[in-house]
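S.K.: Task: produce atomic coordinates for the following.
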Amino acid sequence: MISPKTRSNLTDVIPPAFYGLHWDVIEGDHTYYKLDGGRGSGKSTFAASEIIIGMMEDAQRGEHTNAAVFRRHAINLYESVYEQLVWAIEALQVSHLWKMTRNPMRIQYKPTGQVILFRGADKVKKVKSIKVSKGYIKYLWFEELDEFEGPEKIRSIQQSVVRGGRKFVVFYSYNPPKSQRNWVNDPVQWNRPDTVSHHSTYLDMPPEWVGEQFIVDAEYLKATKPEAYEHEYLGKVTGTGAEVFTNLTARKITNAEIAEFRTVRHGLDEGYASDPLAYIDVAYDRKHRRVYLFGEVYGAGISNRKAFEKIRELNPNNETVYADSAAARFIGEMRQHGMRIVAVKKGADSVEYGIKFLQDMEEIIIDPDRCPNAWREFYGYELDFDADGNLIPEFPDRNNHTIDAVRYALEHECRKWREEKKKPVRKYNFPSEKPKPGIFGGVTEDFFKGGWD
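M.R.: The predicted structure is shown next:
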């Protein structure tokens, strides 16, 4: 059991920046704890310490809880999470209560038999077969979360492990990747009410915890390569420069808002073989240069009749739908089903100016609940790099089905925007050259005679 002496050592393992979060875990206020930050920020120290403390506290209350710790690759388990947990045990001065074995890799609490198991996500079968003989797995820790392929992999693991218990605590720890479009940097992934986010840096840690040389190295990088310093030591998402849409907002679009939209369009991108069909409801606010995406039908292998039926649910008045003119057969079949559909005539550079039109918007607002695939594609759309690491100045033709559907829906607005961009802008060299009186709506010739203040 945890002795008074052990309790006094908590400040030796929990960094001051995490005190509030520690009490959040103790009180059971949240289930999921997103811990991101730069190098030396204490996030892994905190996760390891909370698992050890939590299991011992649970045992004191008569609860038999266990833990499972994951890395993307099993080969990285021993020198990272295993050693971090051993460090926490020793720092708490409770080594005599724990048994550590490397083969098989596990840590066991001697008084009760509670265990900490370790798994790599590169061996899916081992993850799915993870079981404990007594109690349940309460604590999960995903270290270096950004190395996992995506949220689907994390959900699959959690669905296999999180079951049968009263309360769960799940830690996600990682250094944010540079790319704004990496899945762990997607704000939609972290909007659950039972999730709390915590960001920390080495500046939040007591200097003696990170060491003098660590600080020296950090300050040198700050002076010589400030952007690299911000990413590596401050854990900032600095971006790669490849992001196509930097004007995205993910938020709920209410029915009341939808009822007030004045310019509503509907776009449809034909699915082909494994490529998904994508239908989008779009609203365009010309005055404020905003685009709203508030309804979608999306999926591969959907028959044209089924697609029409799903679309009619979102578009009950059968308002005009705009589609690619190259899909003549598809358009013909949808008309036979009763859809009012118009073929959009595209020019050679329609993709480029369509995307640039969307980039020029003040804001593209996407409801991620109504349009999850649109959010995923818009948020994840990036330029490619060549072999030398230089950006390729062409928009890639992949994972862009909803983007195409939006372009078709707003093709008329795109063309108007394009024509306006082409209009020459006359420049005046004031005050030597002056426009005709009244050209600025009432500015007279006398104004120009007066010169400029």
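S.K.: Count the neighbours of residue 413 for me.
M.R.: By other CB atoms under 10 Å, 17 other residues sit near residue 413. C-beta: built from backbone N, CA, C; applies to glycine.
S.K.: sorry, that was for residue 333
M.R.: For residue 333, using other CB under 10 Å, the count is 18.
S.K.: What of the one 3 residues further on?
M.R.: Residue 336 is surrounded by 11 other residues when neighbours are defined as other CB under 10 Å.
S.K.: And residue 228, by the same measure?
M.R.: If we define neighbours as other CB under 10 Å, then residue 228 has 13 of them.
S.K.: Please, which helix or strand holds it?
M.R.: Residue 228 is part of helix 226-232, with elements assigned from DSSP states H and E.
S.K.: What residues sit buried inside that helix?
M.R.: Within helix 226-232, the residues that count as buried by 16 or more other CB atoms under 10 Å are 229-232.
S.K.: next one: stretch 96-109
M.R.: Quick answer for stretch 96-109 (16+ other CB under 10 Å): 97-98, 105, 107-109.
S.K.: if we can go back for a sec, elements contacting the helix holding residue 228?
M.R.: Counting contacts by 3 or more CB pairs under 8 Å, 6 or more residues apart in numbering; DSSP states H and E, helix 226-232 packs against helix 212-224.
S.K.: Pull the distance from the helix it packs on to the chain's centre.
M.R.: Put simply, helix 212-224 sits 30 Å off its chain's centre (CA atoms, centre = their mean, to the nearest Å).
S.K.: what's in contact with it?
M.R.: By CB atoms under 8 Å, 6 or more residues apart in numbering, the residues outside helix 212-224 that reach it are 39-40, 202, 207, 228-229, 232-233.
S.K.: Same check on stretch 231-242?
M.R.: For stretch 231-242, the external contacting residues (CB under 8 Å, 6+ apart) are 36-41, 175-181, 185, 199-203, 218, 221-222, 227, 230, 382-385, 391.
S.K.: what is the mean pLDDT for it?
M.R.: Confidence for stretch 231-242, expressed as mean pLDDT, is 91.
S.K.: Ends of that stretch, what's the gap?
M.R.: Chord length of stretch 231-242, first to last residue, is 16 Å (CA to CA, to the nearest Å).
S.K.: For the lengthiest helix in the chain, C-alpha coordinates in PDB please.
M.R.: Scanning the chain for the longest helix, with DSSP state H as the assignment, gives helix 43-60. This file holds the C-alpha atoms of helix 43-60, laid out as PDB (Å, rounded to 0.1, in the frame of the first residue of the first chain):
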ATOM      1  CA  LYS A  43       4.500  14.400 -20.300                       C
ATOM      2  CA  SER A  44       5.900  10.800 -20.300                       C
ATOM      3  CA  THR A  45       7.100  11.200 -16.800                       C
ATOM      4  CA  PHE A  46       3.500  12.200 -15.700                       C
ATOM      5  CA  ALA A  47       1.800   9.400 -17.600                       C
ATOM      6  CA  ALA A  48       4.100   6.700 -16.100                       C
ATOM      7  CA  SER A  49       3.800   8.100 -12.600                       C
ATOM      8  CA  GLU A  50       0.000   8.300 -12.700                       C
ATOM      9  CA  ILE A  51      -0.200   4.700 -13.700                       C
ATOM     10  CA  ILE A  52       2.000   3.500 -10.900                       C
ATOM     11  CA  ILE A  53       0.300   5.700  -8.300                       C
ATOM     12  CA  GLY A  54      -3.200   4.900  -9.600                       C
ATOM     13  CA  MET A  55      -2.700   1.100  -9.500                       C
ATOM     14  CA  MET A  56      -1.400   1.300  -6.000                       C
ATOM     15  CA  GLU A  57      -4.200   3.600  -4.800                       C
ATOM     16  CA  ASP A  58      -6.800   1.300  -6.500                       C
ATOM     17  CA  ALA A  59      -5.300  -1.700  -4.600                       C
ATOM     18  CA  GLN A  60      -5.700   0.200  -1.400                       C
END
